[in-house]
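**Q** sequence first, then the predicted structure:
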There are 2 protein chains.
Amino acid sequence: MKVLVVDDDRVLADLVVFTLRRVGFEAIVADDATSALLRWAEDKPDLIVLDVNLPGKPGLQDGFAICKRIRSESDIPIILLTVRDDEEDIVTGLEIGADDYVLKPFSPRQLVARIHAVLRRAGTAGPTQPAKMSVEGLEFNPKLREVHLKNGTMRSLTALESVLLEVLMLNRGQVLTFDDLISDVWGPGGGSPEMLRQLVRRLRSKIELDPGNPYYIHNLQGIGYAFLLNR
Amino acid sequence: MKVLVVDDDRVLADLVVFTLRRVGFEAIVADDATSALLRWAEDKPDLIVLDVNLPGKPGLQDGFAICKRIRSESDIPIILLTVRDDEEDIVTGLEIGADDYVLKPFSPRQLVARIHAVLRRAGTAGPTQPAKMSVEGLEFNPKLREVHLKNGTMRSLTALESVLLEVLMLNRGQVLTFDDLISDVWGPGGGSPEMLRQLVRRLRSKIELDPGNPYYIHNLQGIGYAFLLNR
DNA sequence: TAGAGCTGTGACAATCTTGTGACAATGAAA
DNA sequence: TTTCATTGTCACAAGATTGTCACAGCTCTA
């Protein structure tokens, strides 16, 4: 997941880029309109974080101009960075197509959270989902979010249960650490071991014929979980 | 893969070194600016873990000063250890060229993960665990913490049993003293002969076909244990 | 051969990890 | 606005792991 950060404030841009990379995003920087458009065209980012105030001609080379230009050709998610209390800017930005805005000053964590929210709303396309996945009498349809069990029953899964099951089935026979699973399900920087435990329990209650003696999802104490270890 | 750990907190440095060695890194220590620069020049480490607060003149002999000095001559990956999640400190560190930072207090596992992340970004890979270890009909998978015996059975090991078996198998044919084993398994200052005895017993009960007449783990009275001594 | 010291053992205590049931919070849909 | 589904959070139970203890049996030395 690649993010283009457009800001002429070097220190701030560095901090944002560092934070984004730290939680797993690719991040690239542009510091004016020209290089922003060039980066957008060549690096094909998945989201743009765009400062409103940029060097160059106001109205022609500021953040709004870039946003407008990109919107004429693309639906890419755009988050505007603007100065506190400038509500007129906010309205203008949303009108020309920005998806969200963040007020300066802000903390990088706040920005990361906002990026996640925008990406969720945009429903970003991940790798092509397989139509169905079948293993050991368990048939899972990610699109419909339902599983058919060995005994013929069908269970519907929630969104998070689906994500977890897909991650586990795609990596069956391997041990996935708690951190790996948490990152894969909730995204960089999200989730917690407690949340994962609960999700595993909920998923087990739907797919295991005997949840007290799980057949599919195995725990390795202190390490993580595995789906159908070879045994 | 050699890591230079720069920290005047001896206990912490020992713990970090122990942890790094446990997962396959070489680790060396310096406890002030002078020896840090000397170690860097002479031992040519591949990465530096650098505490921000060091004894000596602030601004001239602290972690930032060392980082700045090294950056003027090298791109070596540098991870700063700091107690303050203060953005100012973080920005300062990044500005002078640090690649990442870890907040104290931290768990050794967290630091190792951060080191791997920085090395990945730097394009170098840290040491990986051997997939499997096989000796005389005993097959051990450290990742899954399981052994397959000569008679086909599979046994799961606990975390400490795994560590002990790996140490023993990596040094097979050699005698390891009680102190060596205790230090390797529990780390500096931890463990005891009593605990080691119990652990050896538990491990033997899982891997020996005849625990009363052990084939793999031999005791040398008053000295230590060995794995598969040639007799 | 006897005794001291060492190693192995079974069992229990302490601690940690995982699983569980239930409730709170949130957001979407009716 | 209300209701419901989903997800997050909490407190505690259950199970696993590790530490500790006391003693039996073995080995080595005088």
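**A** It's in. Numbering: from 1, shown residues only, chains lettered A, B, ... in the order given.
**Q** so which bits of chain A are right by DNA strand C?
**A** When proximity is defined as C-beta under 7 Å from any atom of the strand, chain A approaches DNA strand C at A:178, A:193, A:197-198, A:200-201, A:204, A:211-212, A:214, A:219-223. In short, each C-beta sits where N, CA and C put it, glycine included.
**Q** quick one: the strands in chain A?
**A** With strands called from DSSP state E, chain A shows them at A:2-6, A:26-30, A:47-51, A:78-83, A:100-104, A:133-135, A:138-141, A:146-148, A:154-156, A:175-177, A:217-220, A:224-227.
**Q** about what we covered before: same for chain B: which of the residues of chain A next to DNA strand C are within range?
**A** A:220-223 (C-beta under 8 Å from any C-beta of the partner chain).
**Q** what sits against the residue in chain A that DNA strand D sits nearest to?
**A** Of all residues in chain A, residue A:158 sits closest to DNA strand D, at 2.6 Å by C-beta to the nearest atom of the strand. Contact analysis of residue A:158 by C-beta atoms under 8 Å, 6 or more residues apart in numbering or on different chains lists A:145, A:202.
**Q** any idea how many residues pack against residue A:112?
**A** Counted with other C-beta atoms under 10 Å in any protein chain shown, residues neighbouring residue A:112 total 22.
**Q** swap in residue A:163?
**A** 20.
**Q** for residue A:89, the count of nearby residues, please.
**A** With neighbours defined by other C-beta under 10 Å, the count for residue A:89 comes to 19.
**Q** not counting sequence-adjacent ones, nearest residue to it?
**A** residue A:82 (4.7 Å; C-beta to C-beta, 6 or more residues apart in numbering or on different chains).
**Q** if I look at the one you found, how far off is residue A:91?
**A** Here residue A:82 is placed at a distance of 11 Å from residue A:91 (C-beta to C-beta, to the nearest Å).
**Q** the more surrounded of the two?
**A** It is residue A:82, of residue A:82 and residue A:91, that has more neighbours when counted by other C-beta under 10 Å, with 23 against 11.
**Q** thinking again about what came up before, mean neighbour count, the strands of chain A: which tops it?
**A** Each of those was scored by mean neighbour count; the highest is strand A:47-51, a mean of 25, by mean count of other C-beta atoms under 10 Å in any protein chain shown.
**Q** report the inter-axis angle for that strand versus strand A:26-30.
**A** 40 degrees (axes from the mean of the first three to the mean of the last three C-alpha atoms, to 10 degrees).
**Q** please name the nearest non-neighbouring residue to the residue in chain A sticking out farthest from the centre.
**A** Here chain A reaches farthest from its C-alpha mean at residue A:151, the gap being 35.3 Å by C-alpha atoms, centre = their mean. Closest residue to residue A:151 apart from its sequence neighbours, by C-beta to C-beta, 6+ apart: residue A:209 at 6.5 Å.
**Q** pLDDT-wise, which helix or strand of chain A ranks last?
**A** One helix or strand of chain A scores below all others by mean pLDDT, DSSP states H and E: helix A:108-122, with a mean of 70.
**Q** quick one, domains of chain A?
**A** A:2-122, A:133-227 (automatic domain parsing).
**Q** OK, contacts around the closest residue to residue A:54 other than its chain neighbours?
**A** Nearest non-adjacent residue to residue A:54, counting by C-beta to C-beta, 6+ apart: residue A:62, 5.2 Å away. By C-beta under 8 Å, 6+ apart, residue A:62 lies in contact with A:33, A:52-54, A:56.
**Q** for chain A, which residues score under the pLDDT cut-off?
**A** Across chain A, the ranges flagged by pLDDT under 70 are A:22-23, A:84-87, A:105, A:107-110, A:113, A:117, A:120-131, A:188-189, A:230-231.
**Q** who in it is up against DNA strand D?
**A** Residues of chain A found near DNA strand D (C-beta under 7 Å from any atom of the strand) are A:156, A:158-161, A:186, A:191-192, A:194-195, A:198-199, A:202, A:221.
**Q** the residue nearest to residue A:16 when sequence neighbours are not counted pairs with what?
**A** Of all residues beyond its chain neighbours, the one nearest residue A:16 is residue A:5 (5.3 Å), with distances taken as C-beta to C-beta, 6+ apart. Listed beta-bridge partners, residue A:5: residue A:29, residue A:49 (assigned using DSSP bridges).
**Q** quick one: residues contacting residue A:5.
**A** A:13, A:16-17, A:20, A:27-30, A:49.
**Q** with residue A:208 instead?
**A** Residue A:208 makes contact with A:214-217, according to C-beta under 8 Å, 6+ apart.
**Q** gap between residue A:191 and residue B:75?
**A** Distance from residue A:191 to residue B:75, counting by C-beta to C-beta: 34 Å.
**Q** now do residue A:141
**A** Distance from residue A:141 to residue B:75, by C-beta to C-beta: 49 Å.
**Q** swap in residue A:138?
**A** Noted for residue A:138: a distance of 49 Å to residue B:75, by C-beta to C-beta.
**Q** name the nearest residue to residue A:18, ignoring sequence neighbours.
**A** Residue A:18 sits nearest to residue B:94 (C-beta to C-beta, 6+ apart), 5.7 Å away.
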